[in-house]
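> coords please:
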Amino acid sequence: YPYPDLPGLVDLILKDFKSNQQRLFGDLTIHNQLTLTQLKELLNANTNLLTHKNFVFQYLKKLIPVSSKKNPTTQESEKKILAESWGFVKNLNPSFNTLKAIILNNYLNTCLALNEPDIPLFQEYLKLPRNQAYANTEYYQKLSPSNQFIKYNEQINDLAILKAIDPDIEMIKQYLYEMIRSKVEIKDIQSFFDKSFFDKFEAETKIKLGIAKPEDFFQVLNPDELKKLYNSIEISFTKQNKAFYLTNDDISLFVHLKNISELEIQIYKLNALDYYRQNLAEIEPEVSLEGYVPNFTRKINYNYPSYIQHQQKIDLKELNKPGIYIVELLGNGIKNRTYIRKGHLSPVVTNAIEGQQIQLFDDNQNKITDFFVYIGKHELKSNHAGIVMIPYSTAESERKKIVLSTLDIARIYDFYHVKKQYTLTIHTLNTPETILPGQNSHILIKPFVMLNEKPIRNTEVTNIKTTIQIFNRKNELINFKPYFLKNLDDILD
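Predicted structure coming up:
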């Protein structure tokens with residue numbers, strides 16, 4: 001049965017499992033068609049399904065929606081989804097440790113991006129066995145066999161929002177930093193770490209935060225390490241910074257600074273339209289600024305000891321209009337930059353008789369009536385209705401990069417330029433019981449003209465000719481008398 005709306009379907013599946021002990025979830029097509037509600041009902045009746053890998057992944061596929069351009073997920077919604085996913089997988093047997101780690105890793109990184117670190121779940125993450133340079137591998141080996149260790153860089157293809165675990169050392173350090181900064185007890189997690197790594201990280205972090213003085217850790221840090229701690233310079237961006245903002249958003253940067261007495265801020269607004277037209281590619285954060293002069297420049301002074309690392313929030317009131325910006329921070333001989341896009345353009349493409357229509361909407365779903373489309377060397381301006389018409393391709397259908405632009409912002413778009421193709425589809429309606437030997441019968445025939453697989457009004461095209469022939473079972477041509485109906489009311493006469 002191809003659809004999951006059969007009454008009593010869950011009971012039928014349960015009976016099938018009971019009568020066939022060799023049956024695994026996923027053996028039948030209908031298993032993968034079940035709704036989340038049906039999967040929950042199935043699980044409540046048979047908890048043994050949690051040992052079936054196919055069931056676990058099918059459950060997660062229904063729990064985690066597919067993110068797309070039409071239905072994007074936000075960091076807030078991803079956090080909620082990942083928390084619910086963790087609630088489902090946390091009690092699975094150790095063979096699912098990599099899956100557990102992937103879900104928790106994504107959840108913990110999302111929390112950092114929202115500046116809402118979840119310390120208790122970070123501690124749960126550390127309990128999963130692993131073999132990493134920072135980890136106390138001998139401790140983990142006493143708890144679990146090596147086949148239950150986390151497999152790094154493993155990708156779950158069907159669950160798009162779950163990113164593979166890259167080396168997680170930076171996330172580990174950020175959570176340890178947060179625990180030390182918040183003065184949360186860290187001795188309970190010390191056994192998970194290599195002693196040298198943990199002791200040195202604790203010492204350096206406490207010194208950088210001003211919680212302790214350098215002389216408190218002479219036994220942990222050697223003279224060269226202390227010298228490096230004094231002399232190191234840092235300008236780094238925290239994870240809570242975003243690359244994309246809505247048009248009406250206020251923008252601030254969160255940065256870690258160390259050994260910076262004067263910070264210079266340089267803001268460049270890029271000529272995105274020219275870049276897109278010349279390169280037909282997305283702008284990368286590392287884009288060359290040769291030929292550009294900062295649109296805005298200002299300086300901020302700080303007075304901290306050279307070994308103190310401090311976090312600063314820098315408000316960017318200069319970014320008050322849509323556009324693509326590069327913000328560079330310079331100080332004490334080093335610099336770092338970040339990429340910011342403010343505002344978003346969303347095109348809607350439909351087929352018409354004359355060609356493909358493009359309408360444009362802003363990030364508040366308001367229609368934009370004044371914009372340009374650049375396709376190849378051609379510049380097309382929107383008409384009074386806020387539509388740009390692109391003629392159908394004279395060659396075969398193909399994907400092309402086009403550029404959409406308003407006065408303030410531009411974007412590149414992957415446009416499918418289709419060839420103009422008409423087809424004629426015939427729908428028929430008749431009652432088989434009325435087709436009797438020697439008797440007259442009626443057949444209703446309705447032709448539809450299709451343009452690129454979409455129906456169009458017959459009034460939009462002229463001189464349509466349709467040839468209708470009817471044959472019997474002996475392949476003999478049958479004579480018939482056509483009646484042309486002007487509207488459906490004629491059928492009732």
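> could you use CA atoms for every contact and neighbour count after this?
Will do.
> where does the most far-flung residue of the chain relative to its centre land in three-state SS?
The centre of the chain is farthest from one residue, residue 438, which by C-alpha atoms, centre = their mean lies 64.7 Å away. Secondary structure of residue 438, reduced to three states by DSSP: H, G, I helix; E, B strand; the rest coil: coil.
> kindly report the same for residue 274.
helix.
> look up the pLDDT of the residue farthest from the centre of the chain for me, please.
Note on residue 438: pLDDT of 75.
> now swap in the one 3 residues further on and tell me
According to the prediction, residue 441 has pLDDT 78.
> then residue 117?
pLDDT for residue 117: 94.
> and it, helix, strand or coil?
Of the three states, residue 117 takes coil under three-state DSSP.
> how about the longest helix belonging to the chain: buried residues?
Assignment by DSSP state H gives helix 97-113 as the longest helix of the chain. Residues 97-113 are the ones in helix 97-113 that count as buried (16 or more other C-alpha atoms under 10 Å).
> tell me the gap between the helix or strand that that helix is followed by and the middle of its chain.
Following helix 97-113 in sequence order, the next helix or strand is helix 119-126 (DSSP states H and E). Relative to its chain's centre, helix 119-126 lies at 25 Å (C-alpha atoms, centre = their mean, to the nearest Å).
> for stretch 45-65, what is the distance to the chain centroid?
Distance, stretch centre to chain centre, for stretch 45-65: 23 Å (C-alpha atoms, centre = their mean).
> what's it in contact with?
The contact list for stretch 45-65, computed with C-alpha atoms under 8 Å, 6 or more residues apart in numbering, reads 14, 24-26, 32, 35-36, 39, 43, 81-82, 85, 92-93, 158-159.
> quick one: which of those residues is nearest to residue 456?
Among the contacts of stretch 45-65, residue 35 lies closest to residue 456 (C-alpha to C-alpha), at 35.6 Å.
> and that closest one, how far from residue 156?
According to C-alpha to C-alpha, to the nearest Å, residue 35 and residue 156 sit 21 Å apart.
> more neighbours: which of these two?
residue 35 (17 against 14; other C-alpha atoms under 10 Å).
> quick one, what contacts that one?
4, 62.
> residues in contact with residue 428?
443, 444, 445, 446.
> mind checking how far it is from residue 271?
Applying C-alpha to C-alpha, the value for residue 428 to residue 271 is 57 Å.
> outside of the longest helix of the chain, which residues touch it?
With C-alpha under 8 Å, 6+ apart as the test, helix 97-113 has contacts from 75, 78-79, 82-83, 85-86, 89-90, 117-118, 121-122, 125, 128, 148-152, 162-165, 171, 239-241.
> what angle do that helix and helix 119-126 make?
Here helix 97-113 runs at an angle of 150 degrees relative to helix 119-126 (axes from the mean of the first three to the mean of the last three C-alpha atoms, to 10 degrees).
> render the CA-only coordinates of helix 97-113 in CSV, please.
The C-alpha trace of helix 97-113 is given here as CSV (Å, rounded to 0.1, in the frame of the first residue of the first chain):
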residue,chain,number,x,y,z
ASN,A,97,27.3,7.1,19.4
THR,A,98,28.4,8.8,16.2
LEU,A,99,24.8,9.8,15.5
LYS,A,100,24.4,11.1,19.1
ALA,A,101,27.7,13.1,18.7
ILE,A,102,26.7,14.6,15.4
ILE,A,103,23.3,15.8,16.8
LEU,A,104,24.9,17.2,20.0
ASN,A,105,27.8,18.8,18.1
ASN,A,106,25.4,20.7,15.8
TYR,A,107,23.2,21.6,18.8
LEU,A,108,26.2,23.0,20.8
ASN,A,109,27.5,25.0,17.9
THR,A,110,24.1,26.5,17.2
CYS,A,111,23.9,27.5,20.9
LEU,A,112,27.2,29.2,20.6
ALA,A,113,26.0,31.1,17.5
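> name the next helix or strand downstream of the lowest-mean-pLDDT helix or strand in the chain, please.
Least confident element among the helices and strands of the chain, by mean pLDDT, DSSP states H and E: strand 454-455 (a mean of 74). Sequence-wise, the next helix or strand downstream of strand 454-455 (DSSP H and E) is strand 470-471.
> so which elements touch that following strand?
strand 477-478 (3 or more C-alpha pairs under 8 Å, 6 or more residues apart in numbering; DSSP states H and E).
> mind giving me the packing neighbours of the strand it packs on?
With contacts defined as 3+ C-alpha pairs under 8 Å, 6+ apart, strand 477-478 has these neighbours: strand 470-471.
> and the strand it packs on, which strands flank it?
Looking at strand 470-471 with DSSP bridges, its partner strands are strand 477-478 (antiparallel).
> circling back to that earlier point, for the contacts of residue 428, which one is nearest residue 321?
Relative to residue 321, the closest of the contacts of residue 428 is residue 446; by C-alpha to C-alpha it sits at 53.7 Å.
> that's a strand at the closest one, yeah?
Yes. Checked against three-state DSSP, residue 446 lies within a strand.
> thought it was touching residue 427?
Yes. Here residue 446 reaches residue 427: they are 5.2 Å apart, a contact under C-alpha atoms under 8 Å.
> just the buried subset of the contacts of helix 97-113, written out for PyMOL, thanks.
Restricted to buried positions by 16+ other C-alpha under 10 Å, the PyMOL selection for the contacts of helix 97-113 reads:
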select buried, resi 78+79+82+83+85+86+89+90+117+118+121+122+125+128+148+149+150+151+152+162+163+164+165+171+239+240+241
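> can you show me the strands along the stretch 351-493 of the chain?
Per DSSP state E, counting those that start in this stretch, the stretch 351-493 of the chain carries strands over the ranges 355-361, 367-368, 372-375, 378-381, 388-391, 398-405, 410-417, 422-429, 444-451, 454-455, 470-471, 477-478.
> neighbouring contacts of the fifth one?
Outside of strand 388-391, the residues within contact range by C-alpha under 8 Å, 6+ apart are 354, 355, 356, 357, 358, 359, 372, 373, 380, 381, 382.
> now do the least confident helix or strand of the chain: distance to the chain's middle.
Offset of strand 454-455 from its chain centre (C-alpha atoms, centre = their mean): 31 Å.
> stretch 398-411 too?
For stretch 398-411, the distance to the chain centre is 21 Å (C-alpha atoms, centre = their mean).
> now stretch 338-346
On the basis of C-alpha atoms, centre = their mean, stretch 338-346 sits 16 Å off its chain's mean C-alpha point.
> now swap in stretch 141-149 and tell me
33 Å.
> quick one: buried residues of that stretch?
Of all the residues in stretch 141-149, those buried under the rule 16+ other C-alpha under 10 Å are 148, 149.
> where does the stretch 1-150 of the chain have low pLDDT?
Applying pLDDT under 70 to the stretch 1-150 of the chain picks out residues 1-3, 65-73.
> which parts of it are helices?
Taking DSSP state H, counting those that start in this stretch, the helices of the stretch 1-150 of the chain run over residues 9-19, 36-45, 53-63, 75-89, 97-113, 119-126, 137-143.
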